[in-house]
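# generate coordinates for the sequence data below:
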Amino acid sequence: RVTTYDPTSFLLVFRLGGRNIKMILLPLLGLLIWDVVWACLFDYVPELESFQRHVRDWEDLTSPFLVPVSFLLVFRLGRAAVRFWDARTSMGKIVEVSRTLMSTASVGCTFLQYQGPSSRYGSSTTTTADVNDNELKENSSTQQQQQQMFLVEEFARWTCVLPIAVKNFLRPEQRKGWSAQQRLAKKRFEIGKLLSDADADEVLNEDPNVFGPILVSNRLRELAFQASAPAAPAFTPNQQSETSPLSTSQHDIIVQQQHHYQGMMLCRQLNEQIDTLTGAWGAMERINSTPLPFVYVVHLRTFLCLYLLFWNLQYIAANGWMAITPLLAGSWGLLGIEAAAVECERPFRWHSNHLRLGNMCVTVAKNVYQTLQNITEKRIYSSTRSEML
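Residues are numbered from 1 along each chain as shown. Okay, the predicted model is just below:
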């Protein structure tokens, strides 16, 4: 339930949802009690009249507190905003590179599977041995196509699982109102038929020393090496062509070398993209596991509370009961800055201002589906064209 709003409208000032009121409710209640108690004391205890007159002149004493508090709050909110946008950038990087990884893997595998050893420079005389060699070549080519398409499908499965594994890693294991069995069932439902039960159980392992994204990255690297491995020639003829300066076997060696270099390039590109995915996950992990240092937070909140207490006391002494409402509004403004910073510094949970990690998974799955659909259409078109020719 992510909070959405119209950026051009000022009517959103009347909305309470998404303000992280839970965090500031208790401090505001404490300040309200503080104001009411002092207002009653000043009205009903005449002995405090002298103290009240002194408190009215505290403005020169309370104002210096506002300077450090302002700087601390500005820095706090700025760092929280930077962390939020770094997390959003990393999430977008996972979507972007997953799209590129799947496109590179599918197109690269499809290209390599159609680039087999050629008989272009073969003999012009057809013999029984040539027919057998051609049959062996066609059978081997069919097997290679099936193997490459199997690798493309595996790439698609594990590419779709990666953002799911990252989401499960970033979010806490426990959720209010959910049992451990319900959470595990929900995670298994999200993976669906992408993985077998054995693979899904391995990815969803609840052992704190086992990380799902690492397992998925390792599987993707295995597939990258398999997909980029050059295919062996379907046959090795030893006949010399009458029209070509190269024998067929020499030509096949050259083709094999070309495949080898192409496979190396594909493998390197795929691994670089997997490295980028791992780096994006690492950036999100760093943001999620390292809040702002304790010494900074405790210093900010100490001086913020001191300023609010003295400021409220001064204005109650000067203006009485009528000052309570504007004091609460001003206190809400200062406390709300701290609450907003806390809400945004680790935006990976289920709060209304946090990132939609589930939407990231859906987007990657849709992109992978489109890539597979395009590759399938290309195979059908290529097969039809070959039959026509």
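# mind telling me what element the most centrally placed residue in the chain is part of?
For the chain, the residue nearest the mean C-alpha position is Met91 (3.2 Å; C-alpha atoms, centre = their mean). Under the criterion DSSP states H and E, the helix or strand holding Met91 is helix 59-113.
# quick one: list the elements packing against that helix.
helix 128-170, helix 212-227, helix 248-289, helix 294-319, helix 324-345, helix 357-388 (3 or more C-beta pairs under 8 Å, 6 or more residues apart in numbering; DSSP states H and E). Just so you know, the C-beta spots here come from the backbone N, C-alpha and C atoms, and that holds for glycine as well.
# how many residues are close by Asp201?
13 (other C-beta atoms under 10 Å).
# contacts for stretch 268-287?
Residues outside stretch 268-287 that contact it (C-beta atoms under 8 Å, 6 or more residues apart in numbering) are 83, 86-87, 89-91, 93-94, 97-98, 100-101, 104-105, 108, 162, 166, 169-170, 213, 217, 220-221, 224, 227-228, 345-346, 348.
# same check, this time on stretch 58-66
Residues outside stretch 58-66 that contact it (C-beta under 8 Å, 6+ apart): 303, 306-307, 310-311, 313-314, 317.
# now the residues you listed: which count as buried?
Listed as buried from the contacts of stretch 58-66 are 303, 307, 310-311, 313-314, 317; burial here means 16 or more other C-beta atoms under 10 Å.
# which one of those is nearest Arg157?
The closest of the buried ones among the contacts of stretch 58-66 to Arg157 turns out to be Phe303 (C-beta to C-beta; 53.5 Å).
# tell me who's in contact with the residue nearest to the closest one when sequence neighbours are not counted.
In this structure, Phe303 finds its nearest non-sequential neighbour in Val69, 5.3 Å apart by C-beta to C-beta, 6 or more residues apart in numbering. Val69 is in contact with 300, 303-304, 307, 334, counting by C-beta under 8 Å, 6+ apart.
# ok, Val69 to Tyr315 distance?
Look at Val69 and Tyr315: by C-beta to C-beta, to the nearest Å, they are 16 Å apart.
# try Gln226
72 Å.
# ok, the two, which is more surrounded?
Remark: of Gln226 and Tyr315, Tyr315 carries more neighbours, 22 against 16, as counted by other C-beta under 10 Å.
# can you tell me the closest non-neighbouring residue to that one?
Once flanking residues are discounted, Tyr315 sits nearest to Ala323: 4.4 Å by C-beta to C-beta, 6+ apart.
# okay, now that neighbour: neighbour count?
17.
# which residues touch it?
Contacts for Ala323 (C-beta under 8 Å, 6+ apart) come out as 35, 315-316.
# and the gap between it and Gly282?
Ala323 sits at a distance of 51 Å from Gly282 (criterion: C-beta to C-beta).
# could you list the low-pLDDT ranges of the protein?
Applying pLDDT under 70 to the chain flags the ranges 1, 111-145, 229-260, 378-389.
# burial measure for Ile164, as a count.
Neighbours of Ile164 under the rule other C-beta under 10 Å: 26.
# and what of Gly212?
Neighbour count of Gly212, defined by other C-beta under 10 Å: 20.
# next: the one 5 residues further on.
Residue crowding around Ser217 was assessed by other C-beta under 10 Å; the count is 19.
# so it makes contact with Leu162?
Yes. Contact criterion C-beta atoms under 8 Å: Ser217 and Leu162 qualify, at 7.4 Å.
# ok, Asn205 - contacts?
Applying C-beta under 8 Å, 6+ apart to Asn205 gives the contacts Gly212.
# can you give me phi and psi for it?
For Asn205, the backbone dihedrals (degrees, to the nearest 10) come out as phi -60, psi 130.
# coming back round to it: now a PyMOL select for only the buried ones of the contacts of stretch 268-287.
Entered in PyMOL, the line below selects the buried ones among the contacts of stretch 268-287, by 16+ other C-beta under 10 Å:
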select buried, resi 83+87+90+91+93+94+97+98+100+101+104+105+108+162+166+169+170+213+217+220+221+224+227+228+345+346+348
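# list the buried residues of whichever helix or strand Leu184 is part of.
Element membership of Leu184, judged by DSSP H and E, is helix 180-191. Of all the residues in helix 180-191, those buried under the rule 16+ other C-beta under 10 Å are 183, 187, 190-191.
# ditto for stretch 40-58
Buried residues in stretch 40-58 (16+ other C-beta under 10 Å): 42, 52, 55, 58.
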